[in-house]
Structure formats: C-alpha cells, structure tokens
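Asks: With the sequence up front, the predicted model follows.
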Amino acid sequence: MSASSRPGRRRICALVAAALAAAVTARPAAAISPYAGTGGAAFLQLKQGSARAMALGNAAVAMVDGADGLLYNPAALGLAQQREIDYSYMRYVQGLNTPLYMAYAHPLGRTVWGANIDYINDSNFDVRDANGIPQPGTNIRVNDGYGTVAVARSFWYEKLYLGAAVREVHEDNAGNLHDSVVGDVGIIVRPNETVSLAAAYQDFGTSVYNVASIARAGASFHIGDLLTLGFEINKAADDNPRAGIGAEFVVPEEYLEYGQLAFRVGYYSADYLGQSFNSTLVNLHLDQTSGVSFGFGLFTSQAFGYGLGLDYAFVPFGALGTIDQVSIKLKF
C-alpha cells in the first residue's frame, strides 16, 4: 500500500470505529476513545466467538478452555479433553450481525490442535462523526474476517500449558483491502486445582496500523466446587489498559441429573457510551452502563451420546443499545 493511500485508509478505519462506538448522547465526545481509528482490524475487538467469556467481562485469559482458547489464550486450547466444535452468533449495535464464527479443537494425546474462522459482512452502517452527527453519503460496506490455526501442549503432569497460533486477517472497508499474518503465544500455570495463572500476547508480527497487538495477563480461582472467579488486565497497542473481572457459579451435572447450569456476571472497564432510554434497562438501572455483562450456560453430556452446551451473554452498551451473543458447543 502506498504512502499516499494511508490517509484514506485511516479515515475509513476512523469511520468504522465511529460507526461501532459513536452515539447521540448528552456527552457525545466521551463516547469514542481517542485511539479510535489508529489501529487496523478493529473488528477483532468485537469479541465474537465465546458467549461465556463475554458474560465474564472478558476476564478470560485464565478462565477459558478448549476451542475458546483460540480467542483469548492459545495455551487454553491444551485443556480440551475431547474433540470440540463451536458455533457463535452475535447481534451487535447498529444492526451489525456477525453470523459466522466456527472453531474446532482436536486432542492428540497431550497435544491439541485447533482452528477457527470468523466473517463479518455489513453494508448498512449509520456513520457518524465524533460529535454524533450523521455523515450522509458515507455509509460503507464491510467484509472482514480471519482464520486461525493453533497448537497447544501440556507439560509437568498438566501443571504447565503452552500454546501458539498463526492467524490470517483480512480487512475490506469500503473496498480498502488489507491482509496480514499475525501470531499468538500463551501460557497457563496451574500449581494446584485452585489457582490458574495465565498470560498471552496476541496478533503480533505486524504494525499497529495493520493489526493492533494485545497483551493479556490474569488469574482464576476455584472456590469449592461451585464458584470460579477470574481477573484479567490487557493492553492493546491502540487502546488504554483495560481490566475485567468475572464470576461463574455452576450447579454440577450430578446435582441436576441431566446437565449442569452456570450463571455468570462480569465487569469490563469500557468507555462511557452515554445513556440508553430503553425502558427495560432504565428499570434495571443499567441505562448508563457499558461495562457490566451477564450470562448463563447449559451443558449436558447425555445428548445422543455427545456433550452439548449452550451459552448466552447479554451486555448493555450505553446509548448504543445492547449486545447479545449465543454460542453452541458440541463435544465428542
């Protein structure tokens, strides 16, 4: 890409970021991070693929396992005990739907291989500037996606997990095309059955202008058989440091006979995105919330001889509305 074309691409990236983050609020200038549009492949930050992680406030680097590790920490792929296929659908703000996310994990002894694919297609963005003013004639077409191949392995009697991944990222914003190859590395240390310590460095290998890398570190704590708490700090190359905390309460399968039920809540240090006038959010006092998340999960190991799971996440997003994500998981 020539230097003369870069200002145009920066403008397109800024418009995409504005379309995802801007809103007409009493404090519109506070709705968009000053970093908006400064990094490439912003769609990677939509966090599609794991409703469980989204419900936990994205405090996921030490809490995810199996195919979900492809999203937050490749070392977590090594925790898969069975072959696993995941599908996820997310309803985002401004009518943006992300209909295709699929992942697969395949254990081979202590080594686990995995892959995922994600695709976003939309042509109906209501583009606004930093002050929330509509920009007529600037609606843009978006065709973005990526594919990942990863491998993880356990060591020291499953106390140490290491993982790595390679990702091909395709970005097409209003015909402005860009392809990048980036990498992930991750580690999980589990000194006992109670504590997990984890770190990951993702999307490295190119400039922030192409794809913004992100560093994650965190821990999870199992309290008894029912409760797990998680904490994560992350820093993207095009954003301020962020923190997330999450809690998951699980009613085990032996208690319910046919399956297990999980309730989740989380908090992520998101930017203020204004006030929603949705009556349900107002009644729940969530109308000015853009960091709290909720969700639940159902799983049974007795579905036609397979393990079948369903996860749901709900995230209030200030004046922009709400985000919903559903994930389906099959283990065999």
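Replies: Nice, I can see it. For clarity, every value in this text was computed on a predicted model and none was experimentally measured.
Asks: Tell me where the model's unsure across the stretch 101-250 of the chain.
Replies: 123-130, 132, 134-140, 174-175 (pLDDT under 70).
Asks: give me that answer again for 50
Replies: Applying pLDDT under 50 to the stretch 101-250 of the chain picks out no residues at all.
Asks: strands paired with the helix or strand where residue 244 lies, and their directions?
Replies: For residue 244, the host element (DSSP states H and E) is strand 242-251. Looking at strand 242-251 with DSSP bridges, its partner strands are strand 227-236 (antiparallel), strand 260-268 (antiparallel).
Asks: Surely residue 245 is in contact with residue 231?
Replies: Yes - contact status for residue 245 versus residue 231: in contact at 5.3 Å, counting by CB atoms under 8 Å. Glycine gets a C-beta too; all of them are placed from N, C-alpha and C.
Asks: Identify the contacts common to the two.
Replies: The contact sets of residue 245 and residue 231 overlap at residue 59 (CB atoms under 8 Å, 6 or more residues apart in numbering).
Asks: So what's the gap between stretch 216-230 and the chain middle?
Replies: 19 Å (CA atoms, centre = their mean, to the nearest Å).
Asks: Could you number the chain from 19 rather than 1 from now on?
Replies: Okay, using 19 as the starting number, the last item reads as stretch 234-248.
Asks: Flag every buried residue along it.
Replies: Going by neighbour count (16 or more other CB atoms under 10 Å), the buried part of stretch 234-248 is 234-238, 240, 246-248.
Asks: Just the residues contacting it, thanks.
Replies: By CB under 8 Å, 6+ apart, stretch 234-248 touches 74, 77-81, 90-91, 211-220, 249-252, 262-270.
Asks: do the same with stretch 126-136
Replies: Under CB under 8 Å, 6+ apart, the answer for stretch 126-136 is 66-67, 85, 87-89, 92, 95-98, 104, 116, 118-124, 163-173.
Asks: In ChimeraX, how would I select just the buried ones from the residues you listed?
Replies: Selection of buried members from the contacts of stretch 126-136 for ChimeraX, criterion 16+ other CB under 10 Å:
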select :66,67,85,87,88,89,92,95,96,97,98,104,116,119,121,122,123,124,163,164,166,168,169,170,171,172
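Asks: Let's see which of the contacts of stretch 126-136 end up in strands.
Replies: 104, 116, 118-124, 163-173 (DSSP state E).
Asks: How far off centre is the host helix or strand of residue 298?
Replies: Element membership for residue 298 (DSSP H and E) is helix 297-301. Distance of helix 297-301 from the chain centroid (CA atoms, centre = their mean) equals 26 Å.
Asks: Give me the contacts around that helix.
Replies: 294, 305, 307, 334, 340.
Asks: how much space between the closest residue in space to residue 256 that isn't next to it in sequence and residue 91?
Replies: Once flanking residues are discounted, residue 256 sits nearest to residue 57: 2.9 Å by CB to CB, 6 or more residues apart in numbering. For residue 57, the distance to residue 91 equals 21 Å [CB to CB, to the nearest Å].
Asks: for residue 137, same thing?
Replies: Here the criterion is CB to CB. By it, residue 137 lies 23 Å from residue 91.
Asks: between the two, who's got more neighbours?
Replies: residue 91 (34 against 17; other CB atoms under 10 Å).
Asks: Quick check: next helix or strand after the helix holding residue 298?
Replies: With elements assigned by DSSP H and E, the helix or strand that comes after helix 297-301 is strand 310-321.
Asks: Partner strands of the one helix or strand residue 199 maps to and their direction?
Replies: Element membership for residue 199 (DSSP H and E) is strand 194-207. Here strand 194-207 is paired, per DSSP bridges, with strand 178-191 (antiparallel), strand 213-222 (antiparallel).
Asks: show me what contacts residue 179?
Replies: So, once contact is read as CB under 8 Å, 6+ apart, residue 179 ends up touching 93-94, 96-97, 170-173, 204-208.
Asks: Tell me how many other residues surround residue 300.
Replies: By other CB under 10 Å, 13 other residues sit near residue 300.
Asks: let me fix that: residue 335
Replies: Neighbour count for residue 335, taken as other CB under 10 Å: 21.
Asks: Report the contact partners of it.
Replies: 111, 291, 294, 308, 341.
Asks: close enough to count as contact, the last one and residue 111?
Replies: Okay, so that is residue 341. Yes - assessed by CB under 8 Å, residue 341 is found in contact with residue 111 at 6.6 Å.
Asks: in the sheet, who's paired with residue 262?
Replies: With DSSP bridges as the criterion, residue 262 is bridged to residue 250, residue 286.
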